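**Student:** I'll drop the sequence and a predicted model, then ask my questions.
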Amino acid sequence: MQRKRNAKIVTTLGPASSDAATIRALFEAGADVFRLNFSHGTHADHRARLEAIRLVEHEVGRPIGVLLDLQGPKLRVGTFAQGAVTLTEGASFQLDLDRDRPGDLTRVSMPHPEIFDALMKGTDLLLDDGRIRLRVDEIRPGAVTTRVIAGGSLSDRKGVNVPGVVLPISALTAKDRADLDFGLSLGIDWIALSFVQRPEDMAEIKGIVAGRAGIIAKLEKPAAIATLEAIVTESDAVMVARGDLGVEMPPEQVPAIQKRIVRACRKAGKPVIVATQMLESMITAPVPTRAEASDVATAIYDGADAVMLSAESASGRYPVQAVRMMDRIIAQTEGDPFYREALATLQSPCHRDKADAIGAAVRHVAGLLQVVATVAYTSSGHSALRVARERPQGPILGITPRLATARQLALAWGIHAVAIGDVADVTEMTELACETACKVGLGGRGDTIVIAAGMPFGTSGTTNLLRIATIP
């Protein structure tokens, strides 16, 4: 089953979409990668969902990617004696480490000493997804006195955000480490790390994963934007997590940040996912708003590799319809003549290395000869990703001897991945490329394809070969 579009769809599974029949319907509607959100559900729940995905994968005969999304640190206030209080603007309110004493109108516990270590006078704290804003007036050992800048009702265990401050905590909690071990034991394809603040966060998880899965940096903290290029370098892919970004920075800044992240990823040749609230109204309605459709289209015009559904598919009333709608929006956008112009305008200069030189040459040949397909023969996925970076005309056929690589490539722009046995030489590779292009319906006798590969075969990061072939 070949998609008639280039950008991919990441679909979150949850209570509304966990059985094999629904997962198959979601795949047939357009889902390319399924997200398992470890902020919710048990290990048993996620194991069952993964088993259902692999069953569907076997039935349809197409590699399907699976993304494990780690919860990350959750910073929260404690509980209140009456369950909730109403904070008024200008009032004084204390946050402290006394978790055993219920909160009231004057104070509440915030059992996170790492936050206190990072606070300074004048620091703002956002509570309950930014609905309440406090400003630090005084710092004492184990407590801070704040002034209410924006008030409202505050209830038990609401979240705390500290924008503009790098907190001295690891992005990996004890829960995350257990979830990570569990996911790796199941053969998960992608791991998304939450709460990324600095490149060192990515280096830490890469050391643990050790190449067993691709690593995605979820950019949801303003601190991460200050070292964006370094984080992209340390990552295998990036997710623009607009929900928390919109809490910790003014909403009007998020669109520009989104574009900056997408451009940085395109320049590096790393897949980038735009996520959160893309078709939010379809949680309860069978159609999106016009603004939501435009939001998805904007991400596609910018050249994002994938767009993501969260609650729309996990807990909404119309999960399959939401995927189908996203598929239609992508296809319509990519059919616009301006789409190719937009991609060309945003094309980044190549790096001065063999892989990017081959990728640029492939794009030029594909446009000049009007080839029916670009074929990337790849073991690790590197050759296919370098070709995808160039956004060539026509579909990209990613041929790999590794099923794990084919599953990971399900996330990347334009790549139709096929897992087939290894090859011994260039002649065998060319024959396999022609045969596979015919088999998947990308070409026929007399058609031209262009092939990118790395030699020696099976060695990662050696993209150094371009071959033009005519299908016999």
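**Tutor:** Here it is on my side, so go on. Residues are numbered from 1 along each chain as shown.
**Student:** okay, now E114: neighbour count?
**Tutor:** 13 (other C-beta atoms under 10 Å). C-betas here are computed from N, CA, C, even on glycine.
**Student:** Excluding covalently adjacent residues, which one is nearest to it?
**Tutor:** I169 (4.7 Å; C-beta to C-beta, 6 or more residues apart in numbering).
**Student:** Surely that neighbour forms part of a strand?
**Tutor:** No - read with DSSP: H, G, I helix; E, B strand; the rest coil, I169 is coil and lies in no strand.
**Student:** Can you list the buried residues in the longest helix along the chain?
**Tutor:** What stands out as the longest helix in the chain, according to DSSP state H, is helix 43-60. Residues of helix 43-60 classed as buried by neighbour count (16 or more other C-beta atoms under 10 Å): 45-47, 49-50, 52-54, 56-57.
**Student:** could you dump the residues you listed to CSV with pLDDT?
**Tutor:** Compiled in CSV, the buried residues of helix 43-60 are given as follows (pLDDT from 0 to 100):
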residue, pLDDT
D45, 97
H46, 98
R47, 98
R49, 98
L50, 98
A52, 98
I53, 98
R54, 98
V56, 97
E57, 97
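**Student:** and A217, what are its bridge partners?
**Tutor:** L193, V238 (DSSP bridges).
**Student:** what's the spacing between the nearest residue to A285 once chain neighbours are set aside and D69?
**Tutor:** Leaving aside its sequence neighbours, A285 sits nearest to Y318 (C-beta to C-beta, 6+ apart; 7.5 Å). As defined by C-beta to C-beta, to the nearest Å, Y318 lies at a distance of 22 Å from D69.
**Student:** between the two, who's got more neighbours?
**Tutor:** D69 (27 against 20).
**Student:** List the residues that contact the more buried one.
**Tutor:** 35-39, 192, 194, 218 (C-beta atoms under 8 Å, 6 or more residues apart in numbering).
**Student:** May I ask which helix or strand of the protein has the lowest mean pLDDT?
**Tutor:** Lowest on mean pLDDT, DSSP states H and E among the helices and strands of the chain sits helix 242-248, with a mean of 87.
**Student:** That helix: how far from the chain's middle?
**Tutor:** Relative to the chain's own centre, helix 242-248 is displaced by 15 Å; criterion: C-alpha atoms, centre = their mean, to the nearest Å.
**Student:** What of stretch 221-230?
**Tutor:** 16 Å.
**Student:** Quick one: end-to-end length of it, please.
**Tutor:** Stretch 221-230 has an end-to-end distance of 15 Å (C-alpha to C-alpha, to the nearest Å).
**Student:** for stretch 295-313, same thing?
**Tutor:** 17 Å.
**Student:** Please apply the same query to stretch 360-379.
**Tutor:** Terminal residues of stretch 360-379 lie 20 Å apart, using C-alpha to C-alpha.
**Student:** OK, contacts around D32?
**Tutor:** Taking C-beta under 8 Å, 6+ apart, we find D32 in contact with 3, 8-10, 64-65, 306, 410-411.
**Student:** pLDDT score for it?
**Tutor:** Confidence at D32, expressed as pLDDT, is 98.
**Student:** The nearest residue to it once chain neighbours are set aside pairs with what?
**Tutor:** Residue nearest to D32 in three dimensions, not counting chain neighbours: K8, with 4.1 Å by C-beta to C-beta, 6+ apart. On the basis of DSSP bridges, K8 is bridged to A306.
**Student:** Near K8, how many other residues are there?
**Tutor:** K8 has 26 nearby residues by other C-beta under 10 Å.
**Student:** Equivalent analysis for the one 10 residues further on, please.
**Tutor:** A total of 16 residues lie near S18 under the criterion other C-beta under 10 Å.
**Student:** Same question for A342.
**Tutor:** Using other C-beta under 10 Å, A342 has 14 other residues around it.
**Student:** ok so, going back, touching the longest helix of the chain from outside, list them.
**Tutor:** 1, 13, 18-20, 23-24, 27-28, 34, 36, 38, 63-64, 66, 68, 179, 182-183, 186, 188.
**Student:** same thing but 7 Å
**Tutor:** 1, 13, 18-20, 23-24, 27, 34, 36, 38, 63-64, 66, 182, 186 (C-beta atoms under 7 Å, 6 or more residues apart in numbering).
**Student:** Just the buried residues of those.
**Tutor:** 13, 18, 20, 23-24, 27, 34, 36, 38, 63-64, 66.
**Student:** just these now: which is nearest E204?
**Tutor:** Distance ranking of the buried ones among the contacts of helix 43-60 against E204, using C-beta to C-beta, places F38 first at 17.5 Å.
**Student:** isn't the closest one right up against D179?
**Tutor:** Yes - between F38 and D179 there is a contact at 4.7 Å, judged by C-beta atoms under 7 Å.
**Student:** And the strands in the stretch 101-250 of the chain, which stretches?
**Tutor:** Here the stretch 101-250 of the chain has its strands, by DSSP state E, counting those that start in this stretch, at 107-109, 124-127, 132-140, 143-150, 152-155, 160-161, 190-193, 214-219, 237-241.
**Student:** Dump those to CSV, plus mean neighbour count.
**Tutor:** Converted to CSV, the strands of the stretch 101-250 of the chain look like this (neighbours: other C-beta atoms under 10 Å):
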stretch, mean neighbour count
strand 107-109, 23
strand 124-127, 22
strand 132-140, 17
strand 143-150, 18
strand 152-155, 16
strand 160-161, 19
strand 190-193, 25
strand 214-219, 26
strand 237-241, 26
